[in-house]
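Colleague: sharing a model prediction with you, sequence too.
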Amino acid sequence: MQPITVYCKHTSSRLVYVLDWVFNDVFKCGYRLTLSEPDVAELPFFISYGTILPGALYIPDAGLLWEQKIVPQTVDFGSWKGIPVLYSTDAANGLPFDFFSSVFYFLSRYEEYYDYTPDKHGRYPAEESILFKNDLLSRPIIDEWLLELYKLLKVHVSQLTLEPFAYQPTYDIDIAFSYKHKGLVRTTGAYLKALLRGNLNSLVERSKVLFGGDTDPFDCFNWLKDLHAKADVLPVYFMLAALRTTAYDKNISPTNPAMQSLIRELASEGRVRLHPSYFSTEATVFKQEKDMLEEITGGSISSSRQHYIRMRLPDTYRALIDRGITDDWSMGYGASIGFRAGTSRPFYWFDLESGAQTMLRVHPFCFMDSTAHYELGLSADEAFKRLEEMSRLVQKVKGCLVTVFHNFSLGSEEEWKGWNEYYKEFLITVSKKAKSAMRT
């Protein structure tokens, strides 16, 4: 297949970053960037960025990709084929918006470098984002643009392909067990707290689990294993391996033999990755947790997802790179559901301050159970209706759907009643659709 030629009067690291992602990573057709107008004079088709030329697909240039500093952007919304677009123009030819600048604005998370008031966990609030403000957060808006561009290019490049829809279930194991393996001090304290509050149901349930042989309400791991086998999917487990208990880090210590056994069991079924603790911003804490998880699994750990989705650009991503992480799965919101970067597809992080692409690969997620339940107050039925709608959109644009669930929401705790049945049906159905998409 001949690579697509892109003509522009000049180049920049920002432009190359977008071209690499669109034509190498997404369309997988390759591209050739030329700054010479005579070089494209005889071509039957090419893309011209910023200049209207005969035979070219014209994409207007809004100027973002040539800037060196980070300055608040005035973004004009418009419409293209019924899809909302940024950097809109009234160009009569070609695309009616700067596609390349729009992609860069979202993938670089440009708006997260503006001044803002962090939430209680130090996070960038979804309410500050342009997608939230325009009621577009639940749509993979970049992927919608990509699909329409693909259709345009396919007319001229018949060999062009677009990878099929994919689904990746992931799990954050923050608290592996509700009652078991907590140790004498924590268990005694829990009993005393329940007594003082007069919570007899908790006392009875805890005693049945610890002394009567009942299954721990958070222990759904065998159920998940059977579900994954039935659906023929490979899960990813992000394991909180905090070496000290805090108000935010309540998992069983990874030094506990029962916890180590669980980690090895999950690693034999799927992939175990790191869920850095709330206070792992300290380099020594992060290293201890990573080293411990590697020792237990017997393999190298290079993927992680931030606990509480506690991240701030560019500091968090720079720290992850320094600590040997190559793949981050934190690109979503802890207090809202939807597509934080406007896409369901993975991409490399562009360090906006240094002006360079990094080798940190970012895997966006659009739905987390605890966010839907605790932050948005959705019932199981309401939550899965929202998830199914986003899933349909991702399937339509042939993207990659990533979901985040916790073992506690899929167990037998009364608070989460019904969630596991909804999830079972959802996972089996969506996995079948992903496999069907791969065959066609």
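Modeller: Happy to help now that I have it. Everything numeric in this text was worked out from a predicted model, so none of it was measured.
Colleague: in this structure, which helix or strand is least confident?
Modeller: Across the helices and strands of the chain, mean confidence by mean pLDDT, DSSP states H and E is lowest for helix 183-196: a mean of 65.
Colleague: now stretch 304-316: how far from the chain's centre is it?
Modeller: When C-alpha coordinates are averaged (C-alpha atoms, centre = their mean, to the nearest Å), stretch 304-316 and its chain have centres 12 Å apart.
Colleague: give me the distance between the two termini of it.
Modeller: 12 Å (C-alpha to C-alpha, to the nearest Å).
Colleague: please apply the same query to stretch 224-240.
Modeller: Terminal-residue distance, stretch 224-240 (C-alpha to C-alpha): 18 Å.
Colleague: what residues sit buried inside it?
Modeller: Within stretch 224-240, the residues scored as buried using 16 or more other C-beta atoms under 10 Å are Leu224, Lys225, Leu227, His228, Ala231, Val233, Pro235, Val236, Tyr237, Phe238, Met239, Leu240. The C-beta positions use only the backbone N, C-alpha and C, and glycine is treated the same way.
Colleague: the third one - that's part of a helix, no?
Modeller: This means Leu227. Yes - assessed by DSSP: H, G, I helix; E, B strand; the rest coil, Leu227 belongs to a helix.
Colleague: skip the chain neighbours and tell me the closest residue to it.
Modeller: Lys424 (5.9 Å; C-beta to C-beta, 6 or more residues apart in numbering).
Colleague: what of the fifth one?
Modeller: Spatial nearest neighbour of Ala231, chain neighbours left out: Ser431 (4.1 Å); criterion: C-beta to C-beta, 6+ apart.
Colleague: quickly list what Asp172 is bridged to.
Modeller: Phe238, His406 (DSSP bridges).
Colleague: identify the farthest-apart pair in the buried residues of stretch 224-240.
Modeller: Spatially, the most separated pair among the buried residues of stretch 224-240 is Ala231 and Leu240, at 25.0 Å (C-beta to C-beta).
Colleague: what is the burial count for Glu388?
Modeller: Around Glu388 there are 16 other residues, counting by other C-beta atoms under 10 Å.
Colleague: that one touches Glu425, doesn't it?
Modeller: No - between Glu388 and Glu425 there is no contact under C-beta atoms under 8 Å: 9.9 Å.
Colleague: circling back to that earlier point, how many residues are close by the residue nearest to Ala231?
Modeller: Neighbours of Ser431 under the rule other C-beta under 10 Å: 18.
Colleague: which secondary structure element contains it?
Modeller: Element membership for Ser431 (DSSP states H and E) is helix 419-439.
Colleague: okay, now the domains of this structure?
Modeller: The chain breaks down into these domains under automatic domain parsing: 4-156, 166-178+216-439, 184-210.
Colleague: deepest of these, which one?
Modeller: Burial of the domains of the chain is given as mean neighbour count (mean count of other C-beta atoms under 10 Å); domain 166-178+216-439 ranks first at a mean of 19.
Colleague: start to end distance for that domain?
Modeller: OK, domain 166-178+216-439 end separation, C-alpha to C-alpha: 12 Å.
Colleague: same thing with stretch 119-126?
Modeller: Stretch 119-126 has its terminal residues 10 Å apart, counting by C-alpha to C-alpha.
Colleague: same question for stretch 294-309.
Modeller: Start-to-end, stretch 294-309 (C-alpha to C-alpha) is 22 Å.
Colleague: state the mean pLDDT of that stretch.
Modeller: The pLDDT scores in stretch 294-309 average 97.
Colleague: quick one: distance of that stretch to the chain centre.
Modeller: 16 Å.
Colleague: what do you get for stretch 213-231?
Modeller: Worked out by C-alpha atoms, centre = their mean, stretch 213-231 lies 25 Å from the chain centre.
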